[in-house]
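Colleague: Show me the folded form of this:
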Amino acid sequence: MKSHMLLLQAVLKDLGTRCCTCTSRDLETITARVENEGLSFLTITLPQFGKDFEKSLDRGAVLSSSFPSFTVGKGGCLPRFLRGFTEQVFDPFTGQLINDPSIDSILAIRQITLLFSKVNLPCSDARRAAAIDRFIDCEEDIRTSDAAQTYENFSYFQRVVASHLGDVMTIVDKIIYEGRIVPRHGPGTTAERILGNQKYEQQEWTKRLDEVFPHWEYLFSSWSQINPEVADTTAVNVLEPGAERPVRVITVPKTLKTPRIIAIEPTCMQYTQQGIMEVLVEAIESHKVLRHFIGFRDQAPNQRMAMRGSMDGSLATLDLSEASDRVSNQLVRFMSGPFPHFSEALDATRSRKADVPGYGVIRLAKFASMGSALCFPIEAMVFFAIVLMGIGKQRNCPVSRRDLLDLKGRVRVYGDDMIVPVEYVHSVIHELETFGFRVNMDKSFWTGKFRESCGREYFDGHDISIVRVREDLPTSRRHEQEIISTTSLRNQMYFAGHWGIASWLDDWMSRLIPWPRIASTSPALGRHSFGDLFVQSDKVCPFLQRDLVRGYKVVTQLPLSPLDGYGALLKFFLKRDNASAEPSVERDHLERAGRPQAVNIKLGWVPSY
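Modeller: As a prediction, this is how the structure comes out:
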């Protein structure tokens, strides 16, 4: 924790100078509370101050209930902590937002309080258990919500979907009917713990999948494999619905306050989900209208709209809690019902059971958790339809296709990040809650000049996004992951304009490893600068005549995973590259595959550009 305190001291000093205020008392407060409360003060209590500050910006005033973990100064309503900054934003006596608040102070408060909000450290066992309990509670909430729905709600939802998403689902429905889905494997693990190239030799399928994606077409690379005189076709284990393998529910680090819940899919499910996801995303992103309303790869449109909303107050940014885990399978069935082949494929590739730590195997009411390749696109489609329902109900008439064109640039969905016109926000929230979703009021904004979407925050048109620490600071050359993370932290601080913090990190890193000045395109670990100025050159390569520096570079190696025979042929036929959907191969792809098991750094002569 010493390195955390030293970094925070450098942050306070740099931002205090920038905002012309003294931070010595703030540092004393942080030091005393860390001694009493430990790391949780930096990772939980301090970030809560930052969230309360954001809500105060949105509200336009500090309330008596704001900042409950910090004492209020005498003769005012602002907390003593960070008083030098908050007085430049809010009136110290009334708590009202002043007419011309200091943007630098707003940024400084957020940077100080949220610096360690997402550090990559494991939660306590109690917090992981609580997250699993919430996962189970969420299942019960979905069943309760499904039971409370009326036929009119589902019918209206289905009509909105057919009107605005029908073109896309018709395309996907036809592709599935014609058997043109090309499945693929991802780099991660599966419920069976199969890794790398072993996935291309999978021998497990389900009867539900077999009805839509016959195993002899999707597991075999040659018809000779199906010939019983050549191969053993009975080696494929086709599971009945009751014997299907459940998803494996695990927790992964998110914040120290709560972990993230992931459901790891069986190999055969993940394999076919990826194929459907590919054509579904492509159909939406190539649609002449929907591509302006639903996004999967580019967050910039959401961020631009959030900035506009912070300036003129016309757009609201909404965020949902447990969004993925609250998408009801019954709702998805209504959405895809008019498209039989698409609906059957979604049902066949959906895992119906989950193995939950402490609860055993349970039956799922949700469509899918994070971990399913179809989770993200399906939830985006569901949320988009519900947003249009909310807008239509407030207008007292359904949103027509012509009306949708008028909403271009005012409505957009990226996962559970939604942007809607302010005049419809309450109706949209009501519709979301009607279908069992929970709007995260701490991360949803529409009343003031603060907006947040897709990782960027804005106040009155100013970008006040911050840089977060992801790993502990390194204290030895053996701390490879920490060195890589701190290199990124230093360069992000530099380009964010926190040059004092960047200089302090330069001193820290130069004591551990060679720390050259390099261009942003260089593979070396070092310090970047605007316009790649002051790039260092230690010598010139005698063969390629390019500048070299002495430094470390990241070295990764995929794990050994040999593959030959029919499995290698199947991998060739399924392989894509970034330029086209044609099969392609990579060097050593039949020897190594999967995700690197370790990340190392290696010292040597590295190009400075």
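
Colleague: From here on, just use CA atoms for contacts and neighbour counts.
Modeller: OK.

Colleague: Who is the residue nearest to Gly60 when sequence neighbours are not counted paired with across the strands?
Modeller: Nearest non-adjacent residue to Gly60, counting by Cα to Cα, 6 or more residues apart in numbering: Leu97, 5.2 Å away. Bridge pairing for Leu97 (DSSP bridges) gives the partners Phe90.

Colleague: can you tell me which residues contact Leu97?
Modeller: By Cα atoms under 8 Å, 6 or more residues apart in numbering, the contact list for Leu97 reads 57, 60-62, 89-91.

Colleague: Does Thr45 touch Phe70 like I think?
Modeller: No. Here Thr45 does not reach Phe70: they are 9.5 Å apart, not a contact under Cα atoms under 8 Å.

Colleague: okay, these two: which has more neighbours?
Modeller: Neighbour count, other Cα atoms under 10 Å: between Thr45 and Phe70, Thr45 has more, with 21 against 14.

Colleague: any idea how far Phe41 is from the closest residue in space to the more buried one that isn't next to it in sequence?
Modeller: Nearest in space to Thr45, with sequence neighbours left out and distances taken as Cα to Cα, 6+ apart, is Ser69 at 7.4 Å. Distance of Ser69 to Phe41, computed by Cα to Cα, to the nearest Å: 10 Å.

Colleague: neighbour count winner among the two?
Modeller: Phe41 (18 against 12).

Colleague: ok, what's across the strand from Leu318?
Modeller: Leu318 has the following beta-bridge partners by DSSP bridges: Met418.

Colleague: That one: what's it in contact with?
Modeller: By Cα under 8 Å, 6+ apart, Leu318 lies in contact with 416-420, 439-440, 443-445.

Colleague: And those residues, which is closest to Ala130?
Modeller: Nearest to Ala130 among the contacts of Leu318 is Asn440, at 18.4 Å by Cα to Cα.

Colleague: For that closest one, give its distance to Glu28.
Modeller: From Asn440 to Glu28 the distance is 33 Å (Cα to Cα).

Colleague: what does Gly309 give?
Modeller: Between Gly309 and Glu28 the computed distance is 38 Å (Cα to Cα).

Colleague: more crowded one of those two?
Modeller: Using other Cα under 10 Å, the more surrounded residue of Gly309 and Glu28 is Gly309, with 30 against 12.

Colleague: for the more buried one, what are its contacts?
Modeller: With contacts defined as Cα under 8 Å, 6+ apart, the neighbours of Gly309 are 315-316, 449, 451.

Colleague: per-residue confidence for the residue lying closest to Phe530 once chain neighbours are set aside?
Modeller: The shortest distance from Phe530 to any non-neighbouring residue, by Cα to Cα, 6+ apart, is to Phe495 (7.3 Å). Residue-level confidence at Phe495 comes out at 95, pLDDT.

Colleague: Contact partners for Leu48?
Modeller: To be clear, residue 48 is Gln; Leu isn't right here. By Cα under 8 Å, 6+ apart, the contact list for Gln48 reads 67, 113.

Colleague: May I have the phi/psi pair for it?
Modeller: Here is the backbone geometry of Gln48 (degrees, to the nearest 10): phi -70, psi -30.

Colleague: Leaving out chain neighbours, which residue sits closest to His292?
Modeller: Using Cα to Cα, 6+ apart and skipping residues adjacent in sequence, the residue nearest His292 is Lys408, 6.6 Å away.

Colleague: my guess is that neighbour contacts Phe293, does it?
Modeller: Yes. Using Cα under 8 Å, Lys408 is in contact with Phe293, at 7.1 Å.

Colleague: more neighbours, those two?
Modeller: Legend: neighbour count by other Cα under 10 Å for Lys408 and Phe293, higher for Phe293 (25 against 13).

Colleague: list the contacts for that one?
Modeller: Contact analysis of Phe293 by Cα under 8 Å, 6+ apart lists 384, 408-409, 411-413.

Colleague: Ile601 too?
Modeller: For Ile601, the contacting residues are 480, 552-555, by Cα under 8 Å, 6+ apart.

Colleague: Please identify the helix or strand for it.
Modeller: Assigned by DSSP states H and E, Ile601 belongs to strand 599-607.

Colleague: Given that strand, what are its sheet partners and their directions?
Modeller: Next to strand 599-607 in the sheet, as set by DSSP bridges, lie strand 547-556 (antiparallel).

Colleague: so after the strand it pairs with, what's the next helix or strand?
Modeller: The first helix or strand that comes after strand 547-556 along the chain, using DSSP H and E, is helix 565-574.

Colleague: buried ones in that following helix?
Modeller: Using 16 or more other Cα atoms under 10 Å as the test for burial, helix 565-574 gives 566-568, 570-572, 574.

Colleague: Could you tell me the average pLDDT over it, please?
Modeller: In the prediction, helix 565-574 has an average pLDDT of 91.

Colleague: Span of stretch 495-515 from start to end?
Modeller: Using Cα to Cα, the span of stretch 495-515 from its first residue to its last is 17 Å.

Colleague: Just checking the distance from that stretch to the centre of its chain.
Modeller: Stretch 495-515 sits 28 Å away from the centroid of its parent chain (Cα atoms, centre = their mean, to the nearest Å).
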